[in-house]
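Asker: sequence and predicted structure are below.
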Amino acid sequence: MTDRPAPGTPLVFRWRKWDGAPHWEHDCVYLGSDVHGDWVGQRDGWRSARPGLDTVSEGDNVTLIPPSGEYAATLNATHPRIAIYIDVAWDLRWDAAADPDGIPSPTGIDMDLDVVRARDGRGIWIDDRDEWEEHRVQYGYPLDIVERLERVALELEVEVGAERAPYDEATAARWLAVLAALPPR
């Protein structure tokens with residue numbers, strides 16, 4: 001396992017597109033790890049930005065980065081519309097070289113498919129299939145990766161729907177409590 005920063009260490013979660021173009025960057029903090037993987041947190045009002053859009057988080061959230069590197073699962077405390085948002089990914093890993101200060105930070109390729117559980121009555125679904133179809137042709141995603149990540153998205157949709165850990169309230173509450181216990185920065 002690659003070195004991780006100490007719990008409470010501020011860091012930036014950096015996403016890119018398949019061609020290496022920058023995508024989302026999220027200010028967050030390392031929380032620790034459990035049997036599911038590593039967890040980072042983002043407080044209400046912390047910055048998230050991508051080219052052309054700079055925004056702040058709506059409520060506290062925690063994100064699971066599993067060892068597989070195939071997705072990042074964000075569980076929101078109070079977001080008005082979204083309870084869970086899972087970014088299907090490729091090459092999601094911890095990389096000290098990506099951070100200007102050499103802090104091991106998560107970085108990965110956003111592969112467009114997302115698994116969403118709404119809290120506003122819309123249910124659970126796989127989002128951005130149109131973008132996935134467009135980008136798999138535009139970027140030339142290898143067929144084995146396409147097939148694998150489509151299976152990952154379908155499996156995650158089932159797991160989220162069943163509310164199995166780590167997509168249950170207890171797991172989210174545990175890591176949100178860790179985030180809340182950290183001193184403000």
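Answerer: Nice, thanks for sending it over.

Asker: got a list of contacts for stretch 37-44?
Answerer: By CB atoms under 8 Å, 6 or more residues apart in numbering, the residues outside stretch 37-44 that reach it are 4, 11, 13, 26-33, 48, 56-67, 78, 94, 106, 175-176, 178-179, 182, 184. All C-beta spots, glycine's among them, are computed from the backbone N, C-alpha and C.

Asker: list the buried residues of that stretch.
Answerer: Neighbour counts over stretch 37-44 (16 or more other CB atoms under 10 Å) mark 37, 38, 39, 40, 41, 42, 43 as buried.

Asker: just those residues: which are in helices?
Answerer: Under the assignment DSSP state H, those contribute nothing to helices.

Asker: could you single out the nearest of those to residue 136?
Answerer: The shortest separation between residue 136 and any of these is 25.9 Å, and it belongs to residue 37 (by CB to CB).

Asker: what's across from that closest one in the sheet?
Answerer: Taking DSSP bridges, one obtains residue 34 as the residues bridged to residue 37.

Asker: contacting residues for the most centrally placed residue in the chain?
Answerer: When the chain is reduced to its mean C-alpha position, the closest residue under CA atoms, centre = their mean turns out to be residue 72, at 3.1 Å. Counting by CB under 8 Å, 6+ apart, residue 72 touches 13, 63, 64, 65, 86, 87, 89, 92, 106, 108.

Asker: and residue 33, what does it touch?
Answerer: Shown in contact with residue 33 (CB under 8 Å, 6+ apart): 4, 39.

Asker: do you know the pLDDT at it?
Answerer: Model confidence at residue 33, given as pLDDT, is 97.

Asker: what's near enough to touch the nearest residue to residue 182 once chain neighbours are set aside?
Answerer: If the residues on either side of it in the chain are set aside, residue 182 comes closest to residue 8, at 5.3 Å by CB to CB, 6 or more residues apart in numbering. Under the criterion of CB under 8 Å, 6+ apart, the contact partners of residue 8 comprise 29, 30, 182, 183.

Asker: neighbour-wise, which one of those residues leads?
Answerer: Using other CB atoms under 10 Å as the contact criterion, the top neighbour count among the contacts of residue 8 goes to residue 30, which has 24 neighbours.

Asker: mind giving me the packing neighbours of the longest helix along the chain?
Answerer: Taking residue count as the measure and DSSP H as the definition, the longest helix of the chain comes out as helix 143-162. If you count contacts as 3 or more CB pairs under 8 Å, 6 or more residues apart in numbering; DSSP states H and E, helix 143-162 packs onto strand 71-76, strand 82-95, strand 105-118, strand 124-127.

Asker: check which residues of that helix are buried.
Answerer: By neighbour count, and taking 16+ other CB under 10 Å as the criterion, the buried residues in helix 143-162 are 145, 149, 150, 152, 153, 156, 157, 159, 160.
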